[in-house]
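# Predicted coordinates and the sequence they were generated for:
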Amino acid sequence: MKPLTLLLLAVSLPALAQTNWDVAKTLPIGGQGSWDYLTVDPATHRLFVPRSTHTMVIDADSGKTLGDIPGQKIAHGVAIVPEVGRGFITDGGGDGAIVIFDLKTYATLGKIAAQPDADGIIYDPAIGRVLVVSGDKGVLMSFKPDIDPTSGKIDAPIALGGAPEFLASDGKAKIYINLEDKNEVAVVDFKAGKVVARWPVAPGGSPVGMAMDTKTRRLFIGCRKPQKLIVMSADTGKVLSDLPIGAGVDATKVEAGQAFASCRDGSLAVARETSPGKFEIVQTVKTPQGARTMGTDPTTHKIYLPTAEFETGPTGKPAAKPGTFMIVVVAPQAKR
């Protein structure tokens, strides 16, 4: 390696190494219902948190509840599209639906029919579509964000050949979707309207969390059985690294040049590329039990994890204590 290259590595890699993450504060929220995917609006620093039958809008700084959107059966996730002033909630209950609401007033604008178990949702500005997966039906759904909120219909669904959990887009019309029951990633060419590749996640299994670093074209996949964070090439499907993580992972994110995997057992794994092509878990942040999903704010580099206090329920399994719902805020801290 040439001296100049060594110098560049010496400058760039230690800069990432200086980032240390820790719980900065906890926002007591309360309210009724379970929770799933948390979505951050970085422009307004607001958090959108599905709570089973309703979706809360929370100020990320104060923890104040700014709005509460009712009318869901089993709310899972939220996508926001500021360009059209709308937000979209996946309702996986019954026949499945997408609830459309106003981003300023939080008023419900309407509800469009979807597929049962409408779950993971993202907005892809490159193709101008909101993308939704149905776990029970095994399809990718899509629609334009300016859809008529009362009479609009989704595009023809794309069959995936498995049960999807979450998804990521490369901004070039390729969609990557975890198929939890097949232990693989389905690659969808959106323009062609079909799956064009299927990539195994072994030595991981039961993939749920999915995030992509579009700059390096790497996928970060959270697996439950075995418990692994899989780093995969988004071009070839080659598994570049498999890293040990905690139990019950549900979400993965990429933030500040690092990858994160949030786990139900109260651990947040932090991974990064320590040298070209080599990845390591560089830190495990202790979080409260149940903090299995998260949202990130790229403007503040803060991570928000929903959870609650737990007690032994009637079935002998842990159950959330009523009124204890909270948002745990993890932020970068300067190493001393």
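That came through, no problem.

# Each with direction, which strands does the helix or strand hosting residue 251 pair with?
In this structure, residue 251 is located in strand 249-255 according to DSSP states H and E. Paired neighbours of strand 249-255 in the sheet (DSSP bridges): strand 258-263 (antiparallel).

# The closest residue to residue 190 other than its chain neighbours - how many residues pack around it?
Residue nearest to residue 190 in three dimensions, not counting chain neighbours: residue 173, with 4.5 Å by CB to CB, 6 or more residues apart in numbering. (Glycine included, C-beta is placed from N, CA and C.) The burial metric for residue 173, expressed as a neighbour count using other CB atoms under 10 Å, is 15.

# Then residue 30?
Other residues near residue 30 number 13, with proximity taken as other CB under 10 Å.

# cool, residue 225 as well?
By the measure other CB under 10 Å, the count of residues near residue 225 is 12.

# And residue 148, by the same measure?
Considering only other CB under 10 Å, residue 148 is surrounded by 12 other residues.

# Which residue comes closest to it once chain neighbours are left out?
Of all residues not flanking residue 148 in the chain, residue 110 sits nearest, at 7.7 Å (CB to CB, 6+ apart).

# Spit out the contact partners of the one you found.
When the contact criterion is CB atoms under 8 Å, 6 or more residues apart in numbering, the partners of residue 110 are 100, 148, 149, 150.

# Now do the buried residues in the strand holding residue 251.
Neighbour-count burial for strand 249-255 flags 249, 250, 251, 252, 253, 254, 255 (criterion: 16 or more other CB atoms under 10 Å).

# Mind listing the residues bridging to the first one?
Going by DSSP bridges, residue 249 is paired in beta bridges with residue 263.

# looking at it, it is touching residue 292, isn't it?
Yes - using CB atoms under 8 Å, residue 249 makes contact with residue 292 at a distance of 7.0 Å.

# Which residues are in contact with each of these two?
Shared contacts of residue 249 and residue 292, defined by CB under 8 Å, 6+ apart, comprise 262, 263, 264.

# Kindly state the beta-bridge partners for the residue nearest to residue 148.
Residues in beta-bridge contact with residue 110 (DSSP bridges): residue 100.

# For it, give its distance to residue 282.
Taking CB to CB, to the nearest Å as the measure, residue 110 falls 46 Å from residue 282.

# Might you list the low-confidence residue ranges for the stretch 151-300 of the chain?
The stretch 151-300 of the chain contains no residues with pLDDT under 70.

# which stretches of this protein form helices?
Residue ranges of the helices in the chain, as given by DSSP state H, are 3-17.

# picking up where we left off before, contacting residues around the residue nearest to residue 190?
Residues near residue 173 by CB under 8 Å, 6+ apart: 126, 127, 189, 190, 191.

# ok, 10 Å please
If a contact means CB atoms under 10 Å, 6 or more residues apart in numbering, then residue 173 has 124, 126, 127, 129, 188, 189, 190, 191, 192 as its contacts.

# Of these - the most surrounded one?
Each of the contacts of residue 173 was scored for neighbours by other CB under 10 Å, and residue 188 scores highest at 24 neighbours.

# is it true that it touches residue 196?
Yes - with contacts defined as CB atoms under 10 Å, residue 188 counts as touching residue 196 at a distance of 7.1 Å.

# Now do the shared contacts for these two.
residue 174.

# ok, for residue 124, nearest residue in space, not its chain neighbours?
residue 169 (4.3 Å).

# Determine the number of other residues adjacent to that neighbour.
Number of residues near residue 169 (other CB under 10 Å) recorded here: 22.

# now do the one 10 residues further on
Neighbour count of residue 179, defined by other CB under 10 Å: 24.

# do the same with residue 86
By the measure other CB under 10 Å, the count of residues near residue 86 is 21.
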